[in-house]
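**Student:** Got a predicted structure plus its sequence, pasted below:
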Amino acid sequence: MSLIHIDIETIPSGELPTTEWMLDNHPKTMSKADTIQKWAEDAENKEAIHRKKSLDYLQAQIIVVGAAKDDDDIVSFQGDDEKEVLTQFDEWLGNLDTNTPAYAHGICGYNIKKFDAPMLFARAVKYGLDRIQQLVQFRPFDERVYDVMEMAYPMLRNEYVSMDNLCAFLGLEGKGEIDGSMVYDYYKEGRLAEIAEYCRKDVEKTRTLYHKFR
């Protein structure tokens, strides 16, 4: 069984929330009208809420997919059009082995069960991309799915440990000049190529960790 190593990069979709939206969704701890109004009009609060969309399964936009089959060269698909990015990835899956359906491949990623796979699955359904849907649609404890974070921390269940911290602990190459929190800022500056390079490096780190814990 071939193993597909995957990583994705996301940004928030749409525009900043309006003041009206902020007023309707203010923190429940706020009760004074003037405090709520001030909070709702604050640009930094709007920006903070907008950025959280990048982690929301239905409000994020995938701008980069990095992937590699087994130990082959790492490829990436990137762009401003989410459907086009994922269509290219879907076509790449189809070209790997025309005689092997996507669901026959294994899949590997870091925290892939709780982030990458749900993100990809929802959009594969939305855009009608069957190969991606087959690849990331799996049952709990499916033996063809390798979540490297779970492999490294088999006793943990609901805690997140960053890949860079794990790499640093093991003496492996960790953070470069960019980390996940900087992706949206890089995107706004038109630095998509650097985001794609960052994604490919994460695929490589994930693959290295997979071989270490396998």
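**Tutor:** Perfect, I can see it now. Numbers count the residues shown, from 1 in each chain.

**Student:** quick one: buried residues of stretch 38-46?
**Tutor:** 39-40, 45-46 (16 or more other Cβ atoms under 10 Å). For glycine as for every other residue, the C-beta is placed from the backbone atoms N, C-alpha and C.

**Student:** mind listing which of the residues you listed are in strands?
**Tutor:** Using DSSP state E to define strands, no part of those is located there.

**Student:** So what touches the longest helix along the chain?
**Tutor:** Using DSSP state H, we find that the single longest helix of the chain is helix 192-213. Residues outside helix 192-213 that contact it (Cβ atoms under 8 Å, 6 or more residues apart in numbering) are 3, 5-9, 63-68, 71, 74-76, 78-80, 108-110, 146, 148, 151-152, 163, 166-167, 170, 172-174, 176, 178, 183, 186-187.

**Student:** filter the residues you listed to the buried ones?
**Tutor:** 3, 5-9, 63-68, 74-76, 78, 108-110, 146, 148, 152, 163, 166-167, 174, 178, 183, 186-187.

**Student:** Sort out for me which of the residues you listed are in strands.
**Tutor:** Counting by DSSP E, the buried ones among the contacts of helix 192-213 place 3, 5-9, 63-68, 75-76, 78, 108-109, 146 in strands.

**Student:** Any regions of the protein where pLDDT drops low?
**Tutor:** Scanning the chain for pLDDT under 70 picks out 98-99, 175.

**Student:** Tell me where it has helices.
**Tutor:** Using DSSP H, the helices found in the chain span residues 19-24, 33-41, 43-51, 82-96, 116-127, 130-136, 148-152, 163-170, 183-188, 192-213.

**Student:** would CSV of the ones you listed with distance to residue 142 be doable?
**Tutor:** Listed next are these as CSV, based on distance: least, Cβ to Cβ, whole Å:
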stretch, distance to residue 142
helix 19-24, 39
helix 33-41, 44
helix 43-51, 32
helix 82-96, 18
helix 116-127, 10
helix 130-136, 11
helix 148-152, 12
helix 163-170, 22
helix 183-188, 29
helix 192-213, 16
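
**Student:** gap between the closest residue to residue 41 other than its chain neighbours and residue 51?
**Tutor:** Counting by Cβ to Cβ, 6 or more residues apart in numbering, residue 19 is the residue found nearest to residue 41 once chain neighbours are left out, at 5.5 Å. For residue 19, the distance to residue 51 equals 18 Å [Cβ to Cβ, to the nearest Å].

**Student:** Same check on residue 31?
**Tutor:** According to Cβ to Cβ, residue 31 stands 26 Å off from residue 51.

**Student:** Repeat that for residue 111.
**Tutor:** 19 Å.

**Student:** Settle it for me: which of these two has more neighbours?
**Tutor:** Shown here are residue 111 and residue 51; by other Cβ atoms under 10 Å, residue 111 has more neighbours (18 against 15).

**Student:** Do I have it right that that one meets residue 147?
**Tutor:** Yes - in this structure, residue 111 is within contact of residue 147 by Cβ atoms under 8 Å, at 6.6 Å.

**Student:** show me what contacts the residue nearest in space to the middle of the chain?
**Tutor:** By Cα atoms, centre = their mean, the chain has its centre lying nearest to residue 8, at 3.9 Å. Shown in contact with residue 8 (Cβ under 8 Å, 6+ apart): 62, 64-66, 115-116, 119-120, 199.
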